[in-house]
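Chemist: Structure for the following, please:
(one chain, ligands or ions: 2)
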Amino acid sequence: MKIIVVGSGGREHAIIKKLKESPKVSEIFALPGNGGIAADATCVDISAMDIPAIVRFAKDNAIDYAVVAPDDPLVAGCVDALEAEGIPCFGPRANAAIIEGSKVFAKNLMKQYGIPTARYETFDDAEAALKYLETAPIPTVIKADGLALGKGVIIAATREEAKQAVISMMREGQFGKSGERVVIEEFLTGPEVSVLSFTDGQTVVPMVSSMDHKRAGDGDTGLNTGGMGTIAPNPYYTEKVAARCMEEIFLPTIRAMAKEGRPFKGCLYFGLMITPDGPKVIEYNCRFGDPETQVVLPLLEGDLLEIMQAVTEERLAETTVRFSEGAAACVIMASEGYPVAYEKGYEITIPNEALPHVYVAGAKRQGDKLVTSGGRVLGVTAVAENLPQALKQAYVLVDTIHFDHAFYRRDIGARALKAVEK
Ligand code: AMP
Ligand code: GLY
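Modeler: Ligands and ions are numbered 1, 2, ... in the order given. Modelled structure (predicted):
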């Protein structure tokens, strides 16, 4: 089968490497991919948001199956457009991708169907939002309604900060249209767990749980990033918590979406917080997480393409999805200065032994060299029998890879290890 994977990051590289293991796959095209992905797929210079060009490419090249990985083309209807031309896809249609595309939609869905989440108010008027903040409990959380490159969430420790966030989003247009409406919600506490799941609209199969590390610096300090590393499984996600999540969150969400006439097919990502009152939804994403995918898929046993096709053809209930008993750790190597300002164009050297462990996020080809081209440059994943070994091996691999001004966190998994020791 000839497959296209839409997207260009480490997540897409992990999806492509896993798909390559399938005996059914003959050729993979990445649209647009990147310089590192080029080692595992044919990269085609079509932007992930150029939906007409994606559809044309798929038709012209007799593509059999499409995987749309990033949020923005999903929300913009890439799957709808491909399906209209008869190309089967992995990923939700726009009417279901809205679960990530609009936080107001997601919050209202949860309220209507009794799915546990932080208490909230929504506002489309800055005046009313500012007035509400006069008496709102502090700290509070301000969220832009629409997609904002993962930057649309502000945890405000003071009333002033909260007001400033509202002013930036609603009056100064910090996130454009995405910030015209905001959600202001209760600040929750507790460990965070990411659970990606396969769902065909009726059946939901959670994948192995994981933990992201969002802050740039060791000890969870510094700015929020797209994610500096991940581990799986997440030790806070005990069997008891998992059972509650299935009962109170996963099944009710899938049923709610179906009931609303928006059956969700693809990967639904549950961003959860295990609060003292039980698990609650922090956010839904309509896609695989990045860099969660870089630890989850290496633990998947079996054929990813077959599972994806079962999702598309709504026969997930009859399909076996198994994860290995081991653990995985991914350390992101970024360019110094990320997530603010960083330089690009430094040569990357990766020894051959490390290559199977590397998922490239921000690099391009320059002649026969690979050079840095993004803030997050690559993710290095190790799989082992247990978490301490996976972490150790990931850091050993990181030490063998070089580019100037590389920086990475040295404490990925440290909190998870403490939880295991308890
Ligand atoms: P997001 O960009 O939606 O992934 O949110 C970024 C981060 O903000 C989450 O991973 C949480 O750490 C934090 N966050 C979001 N909502 C809340 C909340 N209601 N209470 C506490 N922290 C939150
Ligand atoms: N790692 C969080 C996300 O993919 O949104």
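Chemist: list the contacts for the residue of the stretch 201-350 of the chain found nearest ligand 1?
Modeler: Taking Cβ to the nearest ligand atom, ligand 1 has its nearest neighbour within the stretch 201-350 of the chain at residue 283, 4.0 Å off. (C-beta placed from N, C-alpha, C; glycine too.) By Cβ atoms under 8 Å, 6 or more residues apart in numbering, residue 283 lies in contact with 100, 103, 106, 271.
Chemist: Apply 7 Å and report the result again.
Modeler: Residues in contact with residue 283 (Cβ atoms under 7 Å, 6 or more residues apart in numbering) are residue 271.
Chemist: can you offset everything so residue one is 7?
Modeler: All right, first residue 7 from here; so that's residue 289.
Chemist: Can you name the residues bridging to it?
Modeler: residue 277 (DSSP bridges).
Chemist: Mind pulling up the pLDDT for it?
Modeler: pLDDT, residue 289: 96.
Chemist: Check the gap between it and residue 36 for me.
Modeler: As judged by Cβ to Cβ, to the nearest Å, residue 289 and residue 36 stand 27 Å apart.
Chemist: can you check residue 113 too?
Modeler: 34 Å.
Chemist: So which of these two has more stuff around it?
Modeler: residue 36 (27 against 24; other Cβ atoms under 10 Å).
Chemist: which residue sits closest to the more buried one in space, ignoring its chain neighbours?
Modeler: residue 47 (4.3 Å; Cβ to Cβ, 6 or more residues apart in numbering).
Chemist: What is the neighbour count of that neighbour?
Modeler: Residue 47: 23 neighbours (other Cβ under 10 Å).
Chemist: cool, and residue 68?
Modeler: Neighbours of residue 68 (other Cβ under 10 Å): 8.
Chemist: ok, now residue 388?
Modeler: Going by other Cβ under 10 Å, the residues that sit close to residue 388 add up to 24.
Chemist: where do the helices sit along the stretch 7-156 of the chain?
Modeler: Secondary structure of the stretch 7-156 of the chain (DSSP state H, counting those that start in this stretch): helices located at 16-26, 57-66, 77-81, 84-90, 100-107, 109-119, 132-139.
Chemist: And the contacts of the shortest one?
Modeler: Residues from elsewhere that reach helix 77-81, judged by Cβ under 7 Å, 6+ apart: 12, 54-55, 57, 74, 97-98, 100, 103, 106-107, 153, 291-293.
Chemist: next one: it to chain centre, how far?
Modeler: Centroid separation for helix 77-81 versus its chain: 12 Å, with Cα atoms, centre = their mean, to the nearest Å.
Chemist: Would you mind writing the CA trace of it as CSV?
Modeler: What follows is helix 77-81, C-alpha atoms only, in CSV (Å, rounded to 0.1, in the frame of the first residue of the first chain):
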residue,chain,number,x,y,z
ASP,A,77,-4.1,19.5,14.7
ASP,A,78,-4.4,22.3,12.3
PRO,A,79,-5.1,20.4,9.1
LEU,A,80,-7.5,18.1,11.0
VAL,A,81,-9.4,21.1,12.4
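Chemist: near ligand 2 at all, that helix?
Modeler: No. Helix 77-81 stays clear of ligand 2 (Cβ under 6 Å from any ligand atom), getting no nearer than 7.9 Å.
Chemist: tell me the mean pLDDT over that helix?
Modeler: Helix 77-81 comes out at a mean pLDDT of 98.
Chemist: Mind listing what's buried along that helix?
Modeler: 77-81 (16 or more other Cβ atoms under 10 Å).
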